[in-house]
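> predicted model and sequence below, questions to follow.
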Amino acid sequence: MVRRPVFLRALALLIGLPALLLGTPPTASAAPSGAEPAPDRTPLVVTIDEMTPSVLPASGPIRISGRVTNRDDVPWTSISLYPLVSRGPMHTRAELAEAAATPSSAPVGERVVDVDDTISELAPGATSEYSITVPRAELAELIGAGEPGIYWFGVHAIAQSEESPRDLEADGRARTFLPNVPAGTPGAVKTSLVLPLRRFLGREPDGSLSNPDAWQRSLSRGGRLREAVDFASAAGPGRLSWLVDPALLDAVQRIADGNPPRSLEPTLQPTEPGETGSPSPTESPTGDEGDDDGDADETDAPPTREQETARSWLSDLEPLLRGQQLLTLPYGDLDLAAAADHDPGLIELADTQASAVLEDWDIDGAPVIGAPSGYLDLGAVEASDPDATVLVSDVAFVDDPPAVAQLGGRKLVVASTGASAGGPGPGDRTSGVALRQRILSEAALRLLEPGRDPLVVVLPPGLTSVGADEFFDGLEVPWLDMTTFDDAGRRRGRPITPDDLVYPERQERLELDQPTFDAVDQLIDDGEVLQNLLTLNDRIGADLTEEALCGVSYTARQTQVSARAGLNRAVGWVEDKLSSVQIGAPPGVTLSSESGDFVATITNRLDQPVTVAIRTRSDPGMEVTAPESVDLAPRSRSSVLLQARTSEAAVHNVTLTLTDADGTPLGSSAQLPIRSAQVSNVIWVIMGTGVLLLFGTILLRLVRRIRRRLEPQDAS
């Protein structure tokens with residue numbers, strides 16, 4: 001049970017008695033700057049779900065409604081809901097930020113006791129709705145005509161239970177901000193709302209996206225990605241800008257395709273059907289003619305629940321990206337600060353890596369760089385695409401942040417962290433009403449302090465689509481110009497120097513480290529080799545590059561160890577495939593002349609056709625020539641004829657290295673000695689002389705034998 005000591009209640013009643021007689025409780029100023037909001041201990045939880053209008057009206061009432069929930073373990077009864085308003089407004093953004101940090105228990109305004117709503121009883125855990133209409137005349141008694149600025153506005157719940165008698169201290173409270181911009185105030189603040197789509201894209205060892213259940217929750221009703229799309233659908237054309245990691249769209253498409261693992265399957269058709277043993281367009285893998293009446297293909301199977309969810313999300317997102325501005329981050333949401341230190345070339349690769357989904361939709365985005373933290377290292381700015389707009393937040397400045405800045409030749413658009421943080425406690429600071437009222441308040445103060453626009457707000461994660469229509473309707477005020485990010489940043493920025501920016505040590509400590517980038521480079525390089533090895537696949541290299549870039553994203557900072565482990569597993573997977581193609585050589589070769597042939601054996605243990613080459617290296621005096629390339633069918637072995645030539649009688653050590661078509665080693669090699677048995681010219685003379693003597697002797701003996709036969713025989 002939530003209780004307050006009886007003596008504190010009595011003290012509150014004693015102190016508040018004069019105010020009660022006057023109809024208004026005492027006021028209190030905001031908490032000191034930087035104070036941490038104290039946890040709300042009240043037994044009743046009050047929310048503000050709707051407030052119309054969203055600004056202080058010149059005439060007419062304000063209607064406010066929401067819910068009251070009893071989080072105590074005993075019933076609360078006779079619950080009265082009173083509106084609350086401050087007598088004087090806030091005039092600066094510093095005051096507004098200080099107010100947002102005010103402890104929820106601090107009184108910040110005065111109750112309008114002549115207007116209320118009542119709830120007779122709430123059981124433990126029960127919730128009931130309330131609705132209050134506050135006439136302008138009632139507000140006028142406290143604030144008069146209303147000085148320009150930002151007022152506190154909210155609701156107090158006064159109730160009782162068996163353990164806690166009724167007094168003046170609030171048993172539940174909700175607070176927000178109420179801007180007042182007098183009618184006729186000239187100008188309008190250009191305001192751009194930026195909705196980010198970022199997520200860590202982890203992979204399983206086989207290359208499929210990890211944690212599919214989490215993806216399903218995120219893409220379903222109530223999930224973060226689903227709610228973002230539903231929230232944006234209420235904005236209408238031109239009133240919202242998307243900040244999207246292109247890799248996220250490709251990941252959702254992967255889920256829509258069934259979240260397949262990495263594949264070495266052909267993406268090309270052979271030049272001649274059946275040439276490499278791969279199925280032709282008219283043949284099945286077994287060589288039988290294709291038959292429409294045969295077993296259904298996997299692609300004909302009904303989609304799974306996960307596939308339907310992903311397809312629905314993409315289908316709903318596409319028209320929004322056509323009607324609202326798209327800002328694209330480097331592919332994979334690359335950690336630019338870390339990449340600038342460890343691997344600057346990766347930044348250009350991430351900038352040029354295209355999203356298959358966006359290409360299929362034929363939608364182009366404007367390049368933007370920016371970190372979720374709002375900080376950006378100067379090295380990252382210098383190493384990034386010069387055509388990309390730099391998005392930072394006001395916390396990245398030492399002092400007096402501008403709305404738009406010029407750093408050398410680069411434009412920096414500065415987002416408001418205060419507006420993104422939402423409203424004051426004790427409730428959800430980024431609920432629809434809380435966030436909208438903070439945005440309106442930030443815009444109003446910029447209007448009252450000329451030269452501070454535009455207002456750029458990167459919307460916080462976890463937005464809900466509940467009340468999205470009311471959120472955007474409430475932004476329809478004469479002095480707010482809802483526009484795109486590009487339009488908001490079109491104005492000439494204030495020149496700044498590097499000394500005007502700050503990049504905290506904590507951000508440096510969070511950056512991804514060199515071993516992680518080493519794993520990325522290894523995966524990209526090995527992926528290119530694997531693609532060159534495969535005869536009919538021209539996609540695996542790009543797939544592995546995309547996977548590698550996602551492993552060094554800003555979102556990987558919080559899971560760097562597991563992200564690096566995933567990259568290393570992917571490297572191991574590729575190297576296992578590369579090692580499946582081996583070369584073998586005879587134990588030795590002996591040449592009987594200056595040149596001769598010998599055979600090497602290449603074995604392909606992959607299920608796909610490959611194309612390889614053989615690189616030879618030998619001692620001086622020996623030259624070995626191999627074919628330019630060798631094609632092997634799946635699961636096959638081939639004998640390759642090589643030619644050796646030498647001019648020296650010696651034993652030469654020769655190394656045969658298996659490479660891809662570009663000459664990059666695959667990892668397999670073989671060594672063999674080649675012995676030259678050729679003889680010198682002297683030996684040939686001696687051998688020739690011996691042959692002549694042999695034949696001369698034979699000829700002489702034949703002549704003598706013939707003479708003996710021709711001589712007359714003696715008479716017997």
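Great, that's in hand.

> next SSE after the helix or strand of the chain with the lowest mean pLDDT?
In the chain, no helix or strand scores lower on mean pLDDT, DSSP states H and E than helix 6-22, which sits at a mean of 38. Downstream of helix 6-22, the next assigned helix or strand under DSSP states H and E is strand 44-46.

> list the strands paired with that following strand, with their directions.
Partners of strand 44-46 in the sheet, by DSSP bridges, are strand 62-70 (antiparallel).

> buried set for the strand it pairs with?
Residues of strand 62-70 classed as buried: 62, 64-66, 68-70 (neighbour count, 16 or more other CB atoms under 10 Å). For glycine as for every other residue, the C-beta is placed from the backbone atoms N, C-alpha and C.

> and the next helix-or-strand element following it, what's its mean pLDDT?
Following strand 62-70 in sequence order, the next helix or strand is strand 76-85 (DSSP H and E). Taken as a whole, strand 76-85 has an average pLDDT of 96.

> likewise for stretch 168-185?
93.

> tell me the buried residues in it?
Residues 168-181 are the ones in stretch 168-185 that count as buried (16+ other CB under 10 Å).

> what about it, how long is it end to end?
End-to-end distance for stretch 168-185: 39 Å, by CA to CA, to the nearest Å.

> roughly how far is that stretch from the heart of the chain?
38 Å (CA atoms, centre = their mean, to the nearest Å).

> before we move on, what about stretch 112-132?
That offset, for stretch 112-132, works out to 44 Å (CA atoms, centre = their mean).

> what's the answer for stretch 665-680, then?
Worked out by CA atoms, centre = their mean, stretch 665-680 lies 51 Å from the chain centre.

> and that stretch, what's buried?
For stretch 665-680, the neighbour count (16+ other CB under 10 Å) marks 666, 668-670, 672, 674, 676 as buried.

> so which of these belong to strands?
666, 668-670, 672, 674, 676 (DSSP state E).

> can you check my assumption that Leu642 lies in a strand?
Yes: the assignment for Leu642 (DSSP: H, G, I helix; E, B strand; the rest coil) places it in a strand.

> that one - nearest residue in space that isn't next to it in sequence?
Counting by CB to CB, 6 or more residues apart in numbering, Leu642 lies nearest to Ala626, which is 5.1 Å off, once chain neighbours are set aside.

> how about Glu204?
That would be Ser210: by CB to CB, 6+ apart, it lies 5.0 Å from Glu204.

> need the CA coordinates for the helix or strand harbouring Asp486. CSV is fine.
Assessed by DSSP H and E, Asp486 sits inside helix 485-488. Provided in CSV are the C-alpha atoms of helix 485-488 (Å, rounded to 0.1, in the frame of the first residue of the first chain):
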residue,chain,number,x,y,z
PHE,A,485,14.4,18.3,-43.2
ASP,A,486,15.9,19.7,-46.4
ASP,A,487,13.6,22.8,-46.3
ALA,A,488,14.3,23.4,-42.6
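
> for Asp543, what are phi and psi?
phi -60, psi -40 (degrees, to the nearest 10).

> wait, what's in contact with it?
207, 262, 527 (CB atoms under 8 Å, 6 or more residues apart in numbering).

> tell me how many other residues crowd the first one.
In this case it means Gly207. 20 (other CB atoms under 10 Å).

> what of Phe397?
Counted with other CB under 10 Å, Phe397 comes out at 17.

> if we can go back for a sec, need the pLDDT of the residue nearest to Glu204.
Confidence score, pLDDT, at Ser210: 95.

> roughly how far apart are it and Gly462?
21 Å (CB to CB, to the nearest Å).

> give me the more crowded residue out of those two.
Between Ser210 and Gly462, counting by other CB under 10 Å, Ser210 is the more crowded of the two (15 against 11).

> go ahead and confirm the more buried one touches Gly202.
Yes: using CB atoms under 8 Å, Ser210 is in contact with Gly202, at 4.1 Å.

> and the helices in the stretch 401-550 of the chain?
Assigned by DSSP state H, counting those that start in this stretch, the stretch 401-550 of the chain shows helices spanning 417-421, 432-448, 468-474, 485-488, 505-510, 514-533, 540-550.

> quick one: low-confidence ranges for the chain?
Counting by pLDDT under 70, the chain contains low-confidence ranges at 1-40, 272-299, 677-689, 691, 709, 711-716.

> just to revisit the earlier point, among the helices of the stretch 401-550 of the chain, which is nearest Arg410?
helix 485-488 (15.3 Å; CB to CB).

> and that closest one, what does it pack against?
strand 189-197, strand 325-328, strand 366-369, strand 455-458 (3 or more CB pairs under 8 Å, 6 or more residues apart in numbering; DSSP states H and E).

> and the first one, how far out from the chain's middle?
Pointing back at strand 189-197 there. Distance, centroid of strand 189-197 to centroid of chain: 19 Å (CA atoms, centre = their mean).

> give me the contact list for the helix or strand following it.
Sequence-wise, the next helix or strand downstream of strand 189-197 (DSSP H and E) is helix 212-219. Contact with helix 212-219 is made by 199, 209, 223-226, 252, 255, 259, 305-306, 309-310, 312-313, as judged by CB under 8 Å, 6+ apart.

> same list (the contacts of Asp543) but as JSON lines, adding distance to Ala565.
Shown next, in JSON lines, are the contacts of Asp543 (distance: CB to CB, whole Å):
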{"residue": "Gly207", "distance to Ala565": "14"}
{"residue": "Arg262", "distance to Ala565": "17"}
{"residue": "Gly527", "distance to Ala565": "18"}
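
> which one of the residues you listed is nearest Val392?
Using CB to CB, these come closest to Val392 at Gly527, 33.3 Å.

> which ones are touching the closest one?
540-541, 543-545, 548, 574.

> which one of the residues you listed has the most neighbours?
Ala548 (26 neighbours).
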